[in-house]
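Undergrad: Quick one, structure for this:
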Amino acid sequence: MFYLTLHLGHAHNNTRSALRTLTGTLRHRKDLILYGVENAAEHFHSELSSLRTDAFSSIRTAFVGQLMEDTYHAANMEYGSGSDRRRKDLITNRFGSRSLFDSHRRFFKDRFRGIANELEAQVKESVDQQVALIETDLQMLRDENVVLESERNPEFRSRVAAEVDRARAQLDRIGRAVEDVVNAARGDADMTG
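TA: Numbering: from 1, shown residues only. Next comes the predicted model:
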């Protein structure tokens, strides 16, 4: 009887220890996912800032500068009598052109789409990496403990199964939240026209 009581107490302590380790590991993995998402969000905001500069700045490397490059070159090639007026007309006509603004909008949308896709890929990579590691952790725990303990302690098997189900549900919620954030970012910046 004493041996059975001692054995059950030892199994119970092992169960608690395994669950504590699993819980700690899952919290750590969750923190790493959040860290990866935060880094991706910081990069996204940095890229948006750069996009803002490119969209609204008049420097030569910005969208307007790139779109006006041929016009600037043509204006510089004008010389002789009346060249000043012809230069001004070339530049003024190009700035008044609907195609300049259509091209500008297209540049902006394409660049934003690329930035949003990059955010999605970075977040997905961070989540997928940690989910794969969690699955490995769970498999290792199962391989090392479940067979032995489940024969001796069906209650342990039930608790481990419940914890695995809870972890998977939490991972599903995190995945849906990440998708919602990415979709919201896309929706906020969706430009039609």
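Undergrad: Every contact and neighbour count from this point should use C-alpha atoms.
TA: Will do.
Undergrad: quick one, what contacts the residue most central in space within the chain?
TA: In the chain, the C-alpha nearest the mean C-alpha coordinate belongs to Val123, at 2.6 Å (C-alpha atoms, centre = their mean). Neighbour list for Val123: 36-37, 40, 178 [criterion: C-alpha atoms under 8 Å, 6 or more residues apart in numbering].
Undergrad: next structured bit after the helix-or-strand element of the chain with minimal mean pLDDT?
TA: Here the helix or strand of the chain ranked lowest by mean pLDDT, DSSP states H and E is helix 147-152, holding a mean of 60. On the C-terminal side of helix 147-152, the closest following helix or strand by DSSP states H and E is helix 154-188.
Undergrad: And the helices in the protein, which stretches?
TA: With helices called from DSSP state H, the chain shows them at 2-56, 63-77, 83-95, 98-141, 147-152, 154-188.
Undergrad: Determine which of those helices shows the lowest mean per-residue pLDDT.
TA: Mean pLDDT is lowest for helix 147-152 among the helices of the chain, at a mean of 60.
Undergrad: Contacts only, for the residue in the chain sticking out farthest from the centre.
TA: Going by C-alpha atoms, centre = their mean, the residue of the chain most distant from its centre is Ser81, 57.7 Å out. Shown in contact with Ser81 (C-alpha under 8 Å, 6+ apart): no residues.
Undergrad: again with Glu163
TA: When contacts are counted by C-alpha under 8 Å, 6+ apart, Glu163 touches Leu19.
Undergrad: what about 7 Å?
TA: By C-alpha atoms under 7 Å, 6 or more residues apart in numbering, the contact set of Glu163 is empty.
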